[in-house]
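Visitor: here is my input, please return the structure:
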Amino acid sequence: MSSLACCFVWNVRGLNGRARRNVVREFPVKKGQLLNHVRLRLPPGDECVRRGILLGWNNDCWTTSDVHKGRYTISAKLSAPSASTDQWWITVVYGPQLDHEKVEFLDELLHFRDSHPGPWFLCGDFNMIYRAQDKNNGRLDRRCMRRFRAFLNRVNLEELNLVGRRFTWSNERERPTLELLDRMFASMDWFVAFPNHMLKPLSSDCSDLRCYLLLQLKVNTDLKRRFRFESFWTKLPGFDDVVAAAWEPSVTNADPFRVLDHKLRNVAKALRRWSNTKIGSVRLQLAMAREVIQRFDEEQESRTLLP
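Guide: Numbers count the residues shown, from 1 in each chain. Next up, the predicted model:
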């Protein structure tokens with residue numbers, strides 16, 4: 001059966017704020033059940049702020065092996081459990097800001113590619129551009145642009161088309177500087193393996209500087225839809241009554257384990273029905289709010305927005 005798998009890229013800063021920490025913690029559970037991950041801590045940046053990269057994956061959709069940690073990158077080999085022969089490399093980056101470190105950054109990527117052939121997917125915050133159209137003004141570092149473009153040509157990577165947005169970063173000034181810093185590239189054999197894909201932006205409702213990037217892939221899987229318990233349910237009126245009513249019916253002629261299994265299944269079904277009828281409108285309002293924010297994000301690329 002064909003289903004949709006997602007690759008989510010977000011350069012988040014300001015994790016001292018509770019709201020952003022909650023989004024980072026809860027988003028994978030809501031969008032894909034993050035079951036495993038690997039981290040890379042990077043040296044502090046110019047503002048002496050700790051930085052890092054988190055690469056996460058859903059064990060139901062992907063198996064991961066051969067994890068490599070560089071100074072600015074994390075790489076791993078991915079394959080679908082139902083098709084172990086279709087393996088590909090993913091590299092997530094956090095590009096540095098200093099010129100000499102950018103040279104080291106590209107050399108690190110080039111060295112990885114030379115020693116790891118096969119389909120390759122490269123994504124993250126590169127902190128550099130390779131085209132003048134990737135910035136909304138003429139203040140360009142053309143030497144850095146040529147260096148980045150030469151790297152892409154040497155490793156034969158093509159960029160995935162971002163639908164609906166020209167830029168992913170803003171300095172949030174009165175006359176903002178906008179740049180396309182967060183992006184995704186892939187080798188031609190990766191495009192052959194995943195011809196049905198779409199890269200689109202999400203609203204910047206929890207990020208003051210960047211938009212989210214969401215890549216949707218069609219993969220073959222035989223998974224069934226799982227029940228997901230939402231932690232905020234417990235704070236809503238009627239939750240306790242639904243659980244109590246679903247738990248109450250007795251089960252006869254069964255051992256304790258089967259009784260427990262039956263009751264838990266009843267509770268899951270009852271909560272799913274209750275959520276669809278009572279909470280669906282809340283999720284719709286949240287989706288509408290994000291749509292409005294995304295429209296503002298798009299308008300900011302063409303004109304100055306007034307408060």
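Visitor: C-alpha only now, for contacts and for neighbours.
Guide: Will do.
Visitor: what's the burial count for F194?
Guide: For F194, the tally of surrounding residues (other Cα atoms under 10 Å) stands at 13.
Visitor: apologies, that question was intended for E104.
Guide: So E104, with other Cα under 10 Å, has 15 neighbours.
Visitor: helix or strand: which one has it?
Guide: helix 99-115 (DSSP states H and E).
Visitor: if you count neighbours, what's buried in that helix?
Guide: 102, 105-106, 109-110, 112 (16 or more other Cα atoms under 10 Å).
Visitor: let me see the contact set for R175.
Guide: Residues near R175 by Cα atoms under 8 Å, 6 or more residues apart in numbering: T304.
Visitor: check the gap between it and R113 for me.
Guide: Between R175 and R113 the distance is 39 Å, computed by Cα to Cα, to the nearest Å.
Visitor: same check, this time on V67
Guide: 14 Å.
Visitor: could you do D107 as well?
Guide: 10 Å.
Visitor: for F227, the count of nearby residues, please.
Guide: 11.
Visitor: pLDDT value on it, please?
Guide: Listed pLDDT for F227 reads 76.
Visitor: next up, the contacts around it.
Guide: 268, 272.
Visitor: where does it land in three-state SS?
Guide: Of the three states, F227 takes coil under DSSP: H, G, I helix; E, B strand; the rest coil.
Visitor: so what sits opposite H68 in the bridge?
Guide: In this entry, H68 is beta-bridged to S75, by DSSP bridges.
Visitor: isn't it up against K77?
Guide: No - counting by Cα atoms under 8 Å, K77 is not a contact partner of H68; they are 9.2 Å apart.
Visitor: ok, those two, which is more surrounded?
Guide: Under the criterion of other Cα under 10 Å, the comparison of H68 against K77 puts K77 first, with 20 against 14.
Visitor: which residues touch the more buried one?
Guide: 64-67, 87-90.
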